[in-house]
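K.L.:
Structure for this input, please:
(2 chains)
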Protein chains: 2
Amino acid sequence: MTRAHNFGAGPAALPLSVLEEARRELLDWRGTGMSVMELSHRSPVYEGIQEEAERSLRQLLAIPESHAVLFLQGGASLQFTMVPLNLLRTGGSADYVLTGAWSKKAAAEARRQGTVRIAGSTEAESFRRIPRAEELDLDPGADYLHFTTNNTIFGTQWRREPAAPERVPLVADMSSDLLSRPVAIDRYGLIYAGAQKNLGPAGVTVVVVERDLLGRAPEGLATMLAYRAHAAERSMYNTPPTWAIYLLGRVCAWVAALGGAAAMAERNEQKAALLYQRIDRNDFYRGTAEPACRSRMNVTFRLADEGLERELLAEAERAGFVGLKGHRSVGGMRASLYNAVEPASVAALVDFLDDFERRRG
Amino acid sequence: MTRAHNFGAGPAALPLSVLEEARRELLDWRGTGMSVMELSHRSPVYEGIQEEAERSLRQLLAIPESHAVLFLQGGASLQFTMVPLNLLRTGGSADYVLTGAWSKKAAAEARRQGTVRIAGSTEAESFRRIPRAEELDLDPGADYLHFTTNNTIFGTQWRREPAAPERVPLVADMSSDLLSRPVAIDRYGLIYAGAQKNLGPAGVTVVVVERDLLGRAPEGLATMLAYRAHAAERSMYNTPPTWAIYLLGRVCAWVAALGGAAAMAERNEQKAALLYQRIDRNDFYRGTAEPACRSRMNVTFRLADEGLERELLAEAERAGFVGLKGHRSVGGMRASLYNAVEPASVAALVDFLDDFERRRG
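P.N.:
Residues are numbered from 1 along each chain as shown, chains lettered A, B, ... in the order given. Now for the predicted structure:
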């Protein structure tokens, strides 16, 4: 088998050793005579799997006991609705910082539930950068402040979270960089992330929420949409996506074996640096994001001669590079460098880009 | 490897051949160099997988083009909320028939969204049976009529769906019997089912909804909670649970190879008959549901001498029978006989019950 160099934006590459482990255990989980997928979620053996996944994630991100860890379904898209349903008070207002398509979607969905104020936006500059601290106009009375840590489409990433006013919980969509680096969890009221970039397969969503915020949701909120119901039942209010949680646990173990979140950040930093250095070497390629705001997760770039891009993408595909086509709103190329993308794949991509330049430059 | 006799209520047994196929393909889906879990949901190769799953399910259940098939997340529990959000009009009322814990939950969640009328209930008889047609008090002006086709906890199942008044869409929770038998889809406005009993692993929910009903949801409804958004995007509005949908497609192929829904119904009928015959043979065991309403999916029974039940369950577990403990609200034993439970497992259980009687009767 030849393994693809998978640079897809998500669902994305998973660690090969985790896939091999999953294959090994698929038919018989540790002598139970059943696949993990066949275990009752109420069985002690499955409960152990889920508890281990939570413990492992808590350890890697140093999540304090003040915060609950939830394994939900519906991806970030459902969180766009659950966040305001749970945290936006009647008559209240929430601040949203717009840094790309996903934060715009988050704000649009929140607006269906209540009042949304735009506390900052770089849309006028085609989201090429993250707003500077002094550009933010924060409401000290906001029910929460929402931002998106990494912008997959535009290839930008916050270097440091915005400083929320006192008593304003900071809420972050970390779908594309949770577990790719350490996070100061105690600065956040709520973090959410679909798993399918850095954490595991599609089908499970991680929510880390300050327990003090759980009481804020209105009485009549649908049980499945209330964080407090899931927190009270330790994500077992209804049948959880057992296989996805099992794999998330295995991915956490893999990250731990590589040295944890800090080691992962270093590895990701190095991968991104290698590719950005190649892009910056001369004018044949050019990055689309402002250098100071460049993402370590999604490297967006174009050819000086945009007419060659189609050819580059076709050649790349034939050479075993997958998922390099940029989002239509930016065009060109995008290489997503999530946790499980191997440094060797990035090196191979750099070689390919060199070679393409030699032949067509 | 000794394969367990898995009688769990769900997540439940999956067909061994499907698990073997999943294992074979886990690292490399048909020469792509990627696991199905690593494929972008926007890639033609994954789109093909999802389209095949839908086509296959449509064929097996003869789902007409008048109905959309959606692959969602959140299980039946989220449907308890999505159904009223989409179908219950302002000032309208919905009829619910109560036949067990799950239909009660469905009604309770609907009540958070609007007016609910109880159109029938057998709670006074501890849900031992399904209401008779003449016992139902149906509102001809209801926005919809909701019922639960099979009751996992109480071991009862409707033989035939209630006849909804003209222009009242029939809505059914078929979480525990969809694909276990043919269904006259055109009698239904909406059907929903978590996959983890008969269709696949936990993490995907099937919704079959009449397209004519899609316009009924209010304008401002959250996009992720609106069926029409998912129908318009063919369940790709957000990242779907790709692995679970892939497996659902493989389970459908397995059902098709066994002869389809009618053949599956016959197989399930035979499995259930074998076990009920054993239970009815004498007074050592006794079924808890009224015979005319007995479920083919969940066989609930007790020992005449209830004091022996704990011993029976412990012995069963040692002998490789999994998931036989009845729900605490009924007690005793429950054998779930979903599609993937092999007739040989049921035969082995009958032998075990015979043997237990010989030794302790």
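K.L.:
The top helix by length along chain A packs against which elements?
P.N.:
As assigned by DSSP state H, the longest helix anywhere in chain A is helix A:261-280. Using 3 or more C-beta pairs under 8 Å, 6 or more residues apart in numbering or on different chains; DSSP states H and E, the elements in contact with helix A:261-280 are strand A:285-287, strand A:298-303, helix A:343-360. Glycine gets a C-beta too; all of them are placed from N, C-alpha and C.
K.L.:
so residue A:269 makes contact with residue A:296?
P.N.:
Yes - taking contacts as C-beta atoms under 8 Å, residue A:269 lies within contact range of residue A:296: 5.9 Å.
K.L.:
and residue A:54, how many neighbours?
P.N.:
Counted with other C-beta atoms under 10 Å in any protein chain shown, the neighbours of residue A:54 add up to 22.
K.L.:
How about the longest helix of chain A, which residues are buried there?
P.N.:
Applying a neighbour-count criterion of 16 or more other C-beta atoms under 10 Å in any protein chain shown, one finds A:261, A:264, A:265, A:267, A:268, A:271, A:272, A:274, A:275, A:276, A:278, A:279 buried in helix A:261-280.
K.L.:
Can you give the distance of it from its chain's centre?
P.N.:
17 Å (C-alpha atoms, centre = their mean, to the nearest Å).
K.L.:
do stretch A:326-338 as well
P.N.:
The chain centroid and the centroid of stretch A:326-338 are separated by 15 Å under C-alpha atoms, centre = their mean.
K.L.:
before we move on, what about stretch A:96-103?
P.N.:
Offset of stretch A:96-103 from its chain centre (C-alpha atoms, centre = their mean): 14 Å.
K.L.:
With stretch A:309-329 instead?
P.N.:
Averaged C-alpha coordinates place stretch A:309-329 at 22 Å from its chain's average position (C-alpha atoms, centre = their mean).
K.L.:
Which stretch among the helices and strands packed on helix A:261-280 approaches chain B most closely?
P.N.:
helix A:343-360 (11.3 Å; C-beta to the nearest C-beta).
K.L.:
can you count the residues close to residue A:351?
P.N.:
For residue A:351, using other C-beta under 10 Å, the count is 12.
K.L.:
pLDDT score for it?
P.N.:
As predicted, residue A:351 sits at a pLDDT of 98.
K.L.:
Please apply the same query to residue A:1.
P.N.:
In this model, residue A:1 is scored at 66, pLDDT.
K.L.:
Tabulate the buried residues of helix A:261-280 in a markdown table, adding columns for pLDDT.
P.N.:
Formatted as a markdown table, the buried residues of helix A:261-280 follow (pLDDT from 0 to 100):
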| residue | pLDDT |
| --- | --- |
| A:261 | 98 |
| A:264 | 98 |
| A:265 | 98 |
| A:267 | 98 |
| A:268 | 98 |
| A:271 | 98 |
| A:272 | 98 |
| A:274 | 98 |
| A:275 | 98 |
| A:276 | 98 |
| A:278 | 98 |
| A:279 | 98 |
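K.L.:
So which residues on the stretch 101-250 of chain A come close to chain B?
P.N.:
Neighbours of chain B within the stretch 101-250 of chain A, by C-beta under 8 Å from any C-beta of the partner chain: A:109, A:112-113, A:194, A:196, A:201-204, A:220-225, A:237-244, A:247.
K.L.:
Noted, bye for now.
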